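Chemist: Build the 3D model from these lines:
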Amino acid sequence: MLLSQPDCALCAQAQELLAGLQAEYPLEVQTIDFYSSQGFELAKRGRLLSPPGVFLDGQPFSYGRLSERKLREALEARLRDPAGGSGTAIQG
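Modeler: Residues are numbered from 1 along each chain as shown. The predicted structure is shown next:
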């Protein structure tokens, strides 16, 4: 799940990165406005301080600038050990 907001350069970069990774990994990406009531509750629960916020397999993964290297490492780890997560989807 990607918590995003309009007119956010880091959010646009995260969306672009996730779209690119969907060609390589079986990702399901859901985008929610960071400042919507649902987005705010998710951000609060995950202690994500600013957009973009990313949840991976329902768990907080990152906020702010999304690291492609760290995300790839996490996705590869989930592919090696699917029992370690609920799959490879980025979702809440």
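
Chemist: tell me, how many neighbours does the spatially closest residue to Ala19 that is not a sequence neighbour end up with?
Modeler: Nearest residue to Ala19, sequence neighbours excluded (C-beta to C-beta, 6 or more residues apart in numbering): Val29, at 7.7 Å. Quick note: C-beta positions are derived from backbone N, CA and C, even for glycine. Each residue near Val29 was counted by other C-beta atoms under 10 Å, and the total is 16.

Chemist: for Leu79, same thing?
Modeler: Leu79, neighbours per other C-beta under 10 Å, totals 14.

Chemist: helix, strand or coil for it?
Modeler: helix (DSSP: H, G, I helix; E, B strand; the rest coil).

Chemist: And Leu3, what's its pLDDT?
Modeler: At Leu3, the model reports a pLDDT of 95.

Chemist: That one is in what secondary structure piece?
Modeler: strand 2-4 (DSSP states H and E).

Chemist: quick revisit: list phi and psi for the residue nearest to Ala19.
Modeler: Main-chain dihedrals, Val29, degrees, to the nearest 10: phi -110, psi 130.

Chemist: From Tyr63, how far off is it?
Modeler: Going from Val29 to Tyr63 by C-beta to C-beta, to the nearest Å gives 16 Å.
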